[in-house]
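In: pasting a predicted model and its sequence here:
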Amino acid sequence: MTAEADRFYMGLALAEARRGLGWTSPNPAVGCVVARDGRVLGRGFHPRAGEPHAEAFALAEAGDAARGADLYVTLEPCSHHGRTPPCADRVIAAGVRRVVVAAEDPNPRVAGAGLARLRGAGLAVEVGVGRAEAERLTEGFRLAVGERRAFVHLKFATTLDGRIATASGDSRWITSPESRHRVHELRGACGAVGVGVGTAVADDPRLTCRLPGAPERRLWRVVFDPRGRLPRSAWMLTPAEAPHTLVACGPRAEVADLEAAGARALRVPAPRGELDLKAVLAALWERGVMELLVEGGGETARRFLDAGLADRVHWFVSPRILGGRDARGAVGGTSPARIAEAWRLEGVEVERLGPDLYLTGTPAARGGPRE
């Protein structure tokens with residue numbers, strides 16, 4: 001196989017992996033392709049935890065034709081028994097001649113052991129084709145298994161002058177349908193959405209994933225609510241929705257009525273009346289939530305930034321200018337004394353979504369180096 005062919009087939013495997021985004025937690029999204037002589041013999045992706053992995057689906061589709069073929073997989077095949085048998089053993093048994101892996105598995109239970117098993121069985125193994133995209137695809141999983149907490153995506157939707165709502169609280173709709181579609185894709189890819197209790201009280205949001213042509217997905221909803229202020233009348237506490245609502249609250253919060261409605265309380269330390277956000281993220285990780293999309297409001301965003309717990313920022317900018325000192329800003333709190341103390345994003349990517357701009361990047365340490 002040429003390097004160009006390797007990139008092509010790995011691109012197909014990455015496309016397969018994206019099909020599992022948001023469904024596989026606590027496992028990563030993985031895709032696999034089996035190919036030989038310019039033909040795709042089998043392809044597959046990991047659909048959800050507890051079901052077969054991507055390699056199993058691709059090899060099953062290829063059947064006996066897999067013998068002597070090349071296998072492309074976006075993440076190192078596992079080498080341990082979990083809910084399913086080791087994928088490395090399945091690959092060896094299929095008789096493929098060569099395995100091309102985009103990136104190593106950061107899970108300590110694997111971490112090179114799968115590659116070693118393949119090489120030990122005499123298979124040719126190449127690592128690194130499509131690495132950057134594969135690692136971006138699994139960035140949440142990579143952080144989660146290393147730090148034992150959920151990866152945080154911090155989302156903003158603002159006017160050009162950085163406002164998220166008028167003084168009266170009106171915010172529908174700042175951004176375009178194209179941007180809102182992308183937000184629903186992000187929700188689906190994360191599988192969990194979080195808001196501060198102030199936003200939950202003011203807007204009574206549904207926090208669902210609604211995409212054209214696809215069934216509505218039930219996401220985990222996380223409300224950051226130190227004192228248990230979420231109203232019993234909130235939409236997310238209706239009988240069908242409450243079992244998917246997690247209320248992160250302090251140890252003394254009165255949430256018996258919320259639990260009676262079917263919601264689940266995540267009790268964590270709340271020094272000085274503010275939740276220990278790292279403890280919340282650890283509690284989510286223990287429940288199998290690898291990635292969380294935090295959507296508001298401004299004070300919640302500020303606390304995640306202050307705590308160094310915003311792992312990726314998604315900023316949607318509408319070509320509107322709201323103006324006014326009393327319009328609501330995207331990030332709460334007080335501003336720093338100097339520009340040099342501002343947060344800045346690294347690895348920024350910019351995309352046009354209808355009339356809007358969509359920027360994403362990773363927050364650097366506050367006051368980090370200038371461009």
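Out: Cool, got the structure.

In: grab the nearest non-local neighbour of G323.
Out: Distance criterion CB to CB, 6 or more residues apart in numbering; nearest residue to G323, sequence neighbours excluded, is D161 at 6.6 Å. Heads up, the C-betas are built off the backbone N, CA and C, glycines and all.

In: and the helices in the stretch 201-350 of the chain?
Out: For the stretch 201-350 of the chain, the helices defined by DSSP state H, counting those that start in this stretch occupy 256-260, 277-286, 298-306.

In: quick one: contacts of the first one?
Out: Judged by CB atoms under 8 Å, 6 or more residues apart in numbering, the contacts made with helix 256-260 from elsewhere in the structure are G228, L230, R232, L237, V247, A265.

In: could you turn the buried ones of the residues you listed into a PyMOL selection?
Out: Filtering those down to the buried ones (16 or more other CB atoms under 10 Å) takes a single PyMOL command:
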select buried, resi 228+230+237+247+265
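
In: list just the nearest of the contacts of helix 256-260 to R272.
Out: Of all the contacts of helix 256-260, G228 has the smallest distance to R272: 16.8 Å, by CB to CB.

In: wait, the closest one sits on A253?
Out: Yes - G228 lies in contact with A253 (CB atoms under 8 Å); the separation is 3.7 Å.

In: residues near W220, how many?
Out: A total of 21 residues lie near W220 under the criterion other CB atoms under 10 Å.

In: now do it against L292, distance only.
Out: Using CB to CB, to the nearest Å, W220 is found at 8 Å from L292.

In: and if you look at L207?
Out: Using CB to CB, L207 is found at 12 Å from L292.

In: more neighbours, these two?
Out: Neighbours per residue, other CB under 10 Å: of L207 and L292, the larger number sits with L292, 27 against 24.

In: quick check: mean pLDDT of the lengthiest helix in the chain?
Out: In the chain, ranked by residue count with DSSP state H as the criterion, the top helix is helix 3-18. Mean per-residue pLDDT for helix 3-18: 96.

In: any idea how many residues pack against the nearest residue to D6 once chain neighbours are set aside?
Out: Using CB to CB, 6+ apart and skipping the chain neighbours, the partner closest in space to D6 is V129 (4.9 Å). For V129, the tally of surrounding residues (other CB under 10 Å) stands at 20.

In: OK, contacts around V129?
Out: Contacts of V129 (CB under 8 Å, 6+ apart): A3, D6, R7, M10, Y72, V100, V101, A102.

In: of those, buried ones?
Out: Buried among these by 16+ other CB under 10 Å: D6, M10, Y72, V100, V101, A102.

In: which strand or helix spans the third one?
Out: I take that to be Y72. Take DSSP states H and E as the rule and Y72 turns out to sit in strand 70-73.

In: cool, and the fourth one?
Out: V100 is part of strand 98-101, with elements assigned from DSSP H and E.

In: which stretch among the helices of the stretch 201-350 of the chain comes nearest G146?
Out: Across those, G146 has its closest neighbour in helix 277-286 (10.9 Å, CB to CB).

In: what helices or strands is that closest one leaning on?
Out: Contact here means 3 or more CB pairs under 8 Å, 6 or more residues apart in numbering; DSSP states H and E; on that basis helix 277-286 packs against strand 220-224, strand 245-249, strand 264-267.

In: need the overlap of contacts for W220 and L292.
Out: By CB under 8 Å, 6+ apart, the residues touching both W220 and L292 are A192, V193, L284.

In: looking at those residues, which is nearest R320?
Out: The nearest member of the shared contacts of W220 and L292 to R320, counting by CB to CB, is V193 at 24.3 Å.
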